[in-house]
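Q: Quick one, structure for this:
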Amino acid sequence: MMQVKRLKIRQVKSGIGRLKNHKRVLRALGLKHPGSVVEHGDGPTIRGMIDKVRHLIEVEIIEDEGATSETE
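A: All right, here's what the predicted structure looks like:
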């Protein structure tokens, strides 16, 4: 069985006073305010979004052992 990586993303800084694109990325990730936490599957799209706002968030990698990949 293949391990599926999930990313736990926590917003640690506010989006106030930031670039409009950064605010849009935070909203697209599902983060509404500092302290909010969301989980997303690991993929190039999410990784690119994380890279844009890495100064506003913390990321933790969660490995689901029992889950199967969508490609199996």
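Q: can you give me the helices for this structure?
A: Listed in chain order, the helices of the chain (DSSP state H) span residues 20-29, 44-52.
Q: so what's residue 62 closest to, chain neighbours aside?
A: residue 6 (4.4 Å; Cβ to Cβ, 6 or more residues apart in numbering). (Each C-beta comes from the backbone N, C-alpha and C, glycine too.)
Q: Which strand residues bridge the one you found?
A: residue 41, residue 62 (DSSP bridges).
Q: Could you list which residues are in contact with it?
A: For residue 6, the contacting residues are 39, 40, 41, 42, 61, 62, 63, 64, by Cβ atoms under 8 Å, 6 or more residues apart in numbering.
Q: tally of neighbours for the last one?
A: It refers to residue 64. The number of residues packed near residue 64 is 11, by other Cβ atoms under 10 Å.
Q: these two touch, right, it and residue 3?
A: Yes - here residue 64 reaches residue 3: they are 6.7 Å apart, a contact under Cβ atoms under 8 Å.
Q: got any ranges where the chain has weak pLDDT?
A: The chain contains residues with pLDDT under 70 at 1-2, 65-72.
Q: Centre-most residue in it?
A: What sits nearest the mean C-alpha location of the chain, by Cα atoms, centre = their mean, is residue 9, with 4.3 Å.
Q: right, and it touches residue 56 too?
A: No - using Cβ under 8 Å, residue 9 is not in contact with residue 56; the gap is 10.1 Å.
Q: just to revisit the earlier point, how near is the residue nearest to the centre of the chain to residue 45?
A: 13 Å (Cβ to Cβ, to the nearest Å).
Q: what does residue 39 give?
A: In terms of Cβ to Cβ, residue 39 sits 15 Å off from residue 45.
Q: Kindly report the same for residue 28.
A: 10 Å.
Q: next one: residue 54
A: Applying Cβ to Cβ to residue 54 and residue 45 gives a distance of 15 Å.
Q: got it, and residue 11?
A: 18 Å.
Q: So what pairs up with the residue nearest to residue 58 when sequence neighbours are not counted in the strands?
A: Take residue 58 and drop its neighbours on the chain: the residue closest to it by Cβ to Cβ, 6+ apart is residue 10, 4.8 Å away. Per DSSP bridges, the residues bridged to residue 10 are residue 37, residue 58.
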